[in-house]
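Enquirer: Here is my input, please return the structure:
(2 chains)
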Amino acid sequence: MDANILKEESKKFSLLEESRKIVESHFHDSIFITEYGRLETARSERYGISYSIIIVHVESFNRGKTVPGKKELLDFLKKLVSTVTKVVRNCDVTGMLEDRRIIIILPHTDYFGSLITIKKLSKALEFLTISGEPYASIIFSQATYPKDASGFGELVGTATRRVTERLESLWETHDLQSKLFWEIVAALTGGSYSAAEYSTFDVGADLDLENSFVHTVNETIIREISRTPEKRGILYIGTKKITNDLPFKNHLDSIGKTSTKIFLVGEGVAGAAGVGSALDIKNATTIALSDHRLETTYFTFYMSEDCAYALISKESWADTHNCFHTGDPYIVEGLITKLQRDYSLQEQL
Amino acid sequence: MTAYTKKILLAISDREVAEGFSAFLKEKGFETVVCFDGASAMETALRETPILIILDLYLPVIKGERLFQILKNNPHTSRVPFFFLSESQKEVKGFRIGMDWFVTKPFQWEEMYGNMKQLLLLRGITSYSLGDKDFQGRLSQIPLADVLQMLRLNRKEGELTVTSGTSSATVFIKDGQIFNAAIGEVEKEKALFRLLSWKDGTFEFRPAHVTAAQKLTQSTDSLVLEGMRQIDEYNNSKGLFPDENSLLKIKIDTSSLPEGLKPVMYEVLNLVKHYPRVKDLVDRSAFPDFEVYKTLVGLLGRHILDEIKEAKRGDVPSKGIVSPPRAIKIKEKLISRWSDMLTVNFGKILVASTSMILTNRFIEACKDVPDFLVDERLVTSKYSSKNTLGDLGRLKLYGGMDIILFSVPTLKNLSPLLKMISSNVIGIIVLWDEDGNADIPQLAATRNEILSRRRVPVLHIYAGKNEPDKTLIREYRNMFGLKADDPVFTLSSPRRDNIQNIFQSYFSALLKEDYISGKVRAI
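Expert: Next up is the predicted model:
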């Protein structure tokens, strides 16, 4: 059978029918979920708070190479539902949204809170997505009220649209999830892209953008953070060595207290210009990693409630750098997660 | 510096009730701000971020209920509880049970006070942080230096607020040490030393947890001693300093200066290029006033600078470019039109240009706009030769809103970066001249890229030196896809447009047209 036909065939499985056989007490049907979602919207509007939803979408099995039978599907769904209901809080509401899609309503949860839950779910479901037989491709998406929508239906629409966006994202199409952090960096900086969400460009002494452009971007992000210090966010800046004479240090020193966690990642920590003076970096946490690849690669990963941005700059020949940058939140979040996991850093957003 | 405000805003149309209740609350140790109409109440609420808003539903200009809707949806005031006053029972849309309170006539102040306090305690604002001034007094009785010494000895933590006339300053103290001082935008030693020279006024110290960043590292004693020394020396040498209204001119090529001079000297020479008036330069320098004046005397003595005395302000009007009512309208428009505004404290106008020379020419022209501040970091940066990214300057509007002019590069493949910096965008300025003809398609593409995310007013400005003929202007209109009635401004003589009129045109477009978030403008 043609590979494409097999792939299409493999998507024709249905979980909705099997979901009716699930007897999990904290797992509801779509009618209950819709009604509860409306109530949650009304409650959140009245008290001026936010809530989020997460959609767990089952895309395929064995990357479209297997179509499981009914018994296997029921078995898979039981494990999936049981894990999801164990990971979420008691106040969260889980149920079947539509065929192959589970929804979780997270009361009183903002954007970052929902991302943390996705991280937990993703980790807890690894026994199904990585070591499962057949292994499942599961896509998570989220939406937050009132940031993304003014009602429950619209919120579900946004999260559903994000499932499609995620499937079309470079992260999924290039299977970056299965690669290590530095493999992803090599794949992104080695290609040539020119899309609205991600693209590549070069910087260098005789080019339209000078090498200092990378530092200017870091300064700009730090300044953006200082303009709305109360907004939550996370920023990783990867640089050769963490020193007192980093080009963006003055900006960092002057931003004061913000709700954004800022990390400086470098190969070791050195005093100013090698004099050996004590490191004096304010408003950021330094992370020293013993990895020579940091000598030739700068990176900036920034995620906030309102935007996401990643810039990777890799040294090339004749004092030029190949740069990749993106505003795709899935790539940015994926890069942050991979960095944290591959270096055993505290997993956080 | 409203990091830990304890103010209560009273927005009540009846002066007698407002002033009576304000006096009553002051007796109880609260600080109050009184407004008699909705517009000024909105301004004050966004500027001061009070802990509670007592709101009359029948306010003039902006009705109480409308004001509640606006402030409830603003991130700065969304968590502030409201205390509604009304003649009769009325349903308020969006009323938050447990957070807001409703009172009808007749008003019993003691009862209202009880409810109010309960409301605040429920919000986690304890009596410790409510109006509990540790001590207060007059500077004529206890000089500020003594107050600071006293706080150091007692190892106090909190905010010391000093008020003199219309000026107000805050000193952040932790464990008796001065963490930072701020008078408006001026901070650190410069602010502290200015503050030490205040002879009249009042001060009050409030214990609070200080979250401000530590920007002063010397001990309190050293700072006070150094400040007093500088004030003494300033007073003794006052006659030698240049007049604050004099203009300064650089007489040498600054690139020929040797390396290793004092940092203040480089900063002063850099600032003279943008702020030739002595007073402006001293205000903008980060160094204490005495050090700046002393440097100026040195540079004048060595004939590096020239002083042009008694210069007049010229035709620059002293009042702001936007009247207070218009500034309020602008703020209201921004809040109501764009739900994704992060805050209304600032809005960005992105400046896209075919060359940095044009950007500098435009910023030079902007200096004639009252309350416009140039950001020297980018304008004088060694990296600013091409494709610059960052703040160029800002225009301060009434009510604490900054309009930031932000330079963006106009190269291909920078869409993700444009997306990241497009938060709070409220306008676009496009600058070009005939030398940049080849780059105009990319300039138009950058403009369209920004407009595809948010429909905002665009100012098209021809910034060339020579005036273009009508045919050329027509060609430019076609290249930018402009309609016949879309204005194209020019910075070239002799038909140079007044920069203030250009900004007025922008504000009119912002107020007039119905810009809706996320909609693409048809070009």
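
Enquirer: so what's A:Val56 bridging to?
Expert: A:Ile102, A:Phe140 (DSSP bridges).

Enquirer: now do the same end-to-end measure for stretch A:301-316.
Expert: 21 Å (CA to CA, to the nearest Å).

Enquirer: what about that stretch, distance to the chain center?
Expert: Mean-position distance between stretch A:301-316 and its chain equals 12 Å (CA atoms, centre = their mean, to the nearest Å).

Enquirer: swap in stretch B:405-413?
Expert: Worked out by CA atoms, centre = their mean, stretch B:405-413 lies 24 Å from the chain centre.

Enquirer: That stretch: which residues count as buried?
Expert: Residues of stretch B:405-413 classed as buried by neighbour count (16 or more other CB atoms under 10 Å in any protein chain shown): B:Leu405, B:Phe406, B:Ser407, B:Val408, B:Pro409, B:Thr410, B:Leu411, B:Asn413. Where you see a C-beta, it was placed from the backbone N, CA and C, and this is true even at glycine.

Enquirer: okay, how far is it across that stretch, tip to tip?
Expert: 22 Å.

Enquirer: Stretch A:247-258 too?
Expert: 20 Å.

Enquirer: Also stretch A:296-309?
Expert: End-to-end for stretch A:296-309, by CA to CA: 20 Å.

Enquirer: would you turn the buried residues of stretch B:405-413 into CSV with distance to A:Gly69 and secondary structure?
Expert: Below are the buried residues of stretch B:405-413 laid out as CSV (distance: CB to CB, whole Å; DSSP: H, G, I helix; E, B strand; the rest coil):
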residue, distance to A:Gly69, secondary structure
B:Leu405, 64, strand
B:Phe406, 58, strand
B:Ser407, 61, strand
B:Val408, 56, strand
B:Pro409, 56, coil
B:Thr410, 57, coil
B:Leu411, 54, coil
B:Asn413, 48, coil
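
Enquirer: out of the residues you listed, who's nearest chain A?
Expert: Proximity of the buried residues of stretch B:405-413 to chain A (CB to the nearest CB) peaks at B:Asn413, which lies at 3.8 Å.

Enquirer: Would you check that B:Asn73 makes contact with B:Glu332?
Expert: No - using CB atoms under 8 Å, B:Asn73 makes no contact with B:Glu332, being 12.0 Å away.

Enquirer: A:Asp110: how many residues sit nearby?
Expert: Other residues within reach of A:Asp110, judged by other CB atoms under 10 Å in any protein chain shown, total 17.

Enquirer: wait, I meant A:Cys91
Expert: With other CB under 10 Å as criterion, A:Cys91 counts 10.

Enquirer: ok, now B:Thr343?
Expert: 18.

Enquirer: who touches it in this structure?
Expert: A:Arg227, A:Thr228, B:Asn74, B:Pro75, B:His76, B:Asn424 (CB atoms under 8 Å, 6 or more residues apart in numbering or on different chains).

Enquirer: Out of those, grab the one that's most surrounded.
Expert: B:Asn424 leads those on contacts (other CB under 10 Å) with 23 neighbours.

Enquirer: Can you report phi and psi for it?
Expert: phi 60, psi 30 (degrees, to the nearest 10).

Enquirer: Roughly how far does it sit from chain A?
Expert: B:Asn424 sits 8 Å away from chain A, going by CB to the nearest CB, to the nearest Å.

Enquirer: ok, that residue touching B:Ile349?
Expert: No - using CB under 8 Å, B:Asn424 is not in contact with B:Ile349; the gap is 10.2 Å.

Enquirer: List phi and psi for B:Phe30.
Expert: Dihedral angles of B:Phe30 (phi, psi; degrees, to the nearest 10) stand at phi -90, psi 160.

Enquirer: Can you give me the buried ones in the helix or strand where A:Arg166 lies?
Expert: Using DSSP states H and E, A:Arg166 sits in helix A:152-168. Neighbour counts using 16+ other CB under 10 Å place A:Phe152, A:Leu155, A:Val156, A:Thr158, A:Ala159, A:Thr160, A:Arg162, A:Val163, A:Glu165, A:Arg166, A:Leu167 of helix A:152-168 among the buried residues.

Enquirer: repeat for stretch B:503-512
Expert: So stretch B:503-512, judged by 16+ other CB under 10 Å, has buried residues B:Phe503, B:Tyr506, B:Phe507, B:Ala509, B:Leu510.

Enquirer: is it possible to export those residues to JSON lines including distance to chain A?
Expert: As requested, those are exported to JSON lines (distance: CB to the nearest CB, whole Å):
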{"residue": "B:Phe503", "distance to chain A": "21"}
{"residue": "B:Tyr506", "distance to chain A": "21"}
{"residue": "B:Phe507", "distance to chain A": "21"}
{"residue": "B:Ala509", "distance to chain A": "24"}
{"residue": "B:Leu510", "distance to chain A": "20"}
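
Enquirer: Now, those that are in helices?
Expert: B:Phe503, B:Tyr506, B:Phe507, B:Ala509, B:Leu510 (DSSP state H).

Enquirer: which residues does B:Asn193 contact?
Expert: Wrong residue type there; residue B:193 is Phe, not Asn. Per CB under 8 Å, 6+ apart, neighbours of B:Phe193: B:Glu226, B:Gly227, B:Gln230, B:Ile231, B:Pro288, B:Asp289, B:Phe290.

Enquirer: Closest one to chain A out of those, please.
Expert: For the contacts of B:Phe193, the nearest to chain A is B:Pro288 (17.7 Å; CB to the nearest CB).

Enquirer: where's the closest one relative to B:Tyr234, distance?
Expert: Separation of B:Pro288 from B:Tyr234 (CB to CB, to the nearest Å): 9 Å.

Enquirer: go on, A:Thr300?
Expert: Taking CB to CB, one finds A:Thr300 at 44 Å from B:Tyr234.

Enquirer: How many neighbouring residues does residue 217 have?
Expert: In the absence of a named chain, chain A is used. Neighbours of A:Val217 (other CB under 10 Å): 26.

Enquirer: I was after chain B.
Expert: The number of residues near B:Thr217, taken as other CB under 10 Å, comes to 11.

Enquirer: Surely it forms part of a helix?
Expert: No - counting by DSSP: H, G, I helix; E, B strand; the rest coil, B:Thr217 falls outside a helix, being coil.

Enquirer: related to what we said a few turns ago, for the helix holding A:Arg166, name the packing helices and strands.
Expert: helix A:30-47, strand A:51-61, strand A:101-106, strand A:136-145 (3 or more CB pairs under 8 Å, 6 or more residues apart in numbering or on different chains; DSSP states H and E).

Enquirer: follow-up on the earlier one: quick one, which of A:Thr300 and B:Tyr234 is more surrounded?
Expert: Shown here are A:Thr300 and B:Tyr234; by other CB under 10 Å, A:Thr300 has more neighbours (23 against 18).

Enquirer: sec struct for residue 299, please.
Expert: No chain was given, so I picked chain A. Criterion first, three-state DSSP; result for A:Phe299: strand.

Enquirer: Chain B was what I was after
Expert: Applying three-state DSSP: B:Leu299 is helix.
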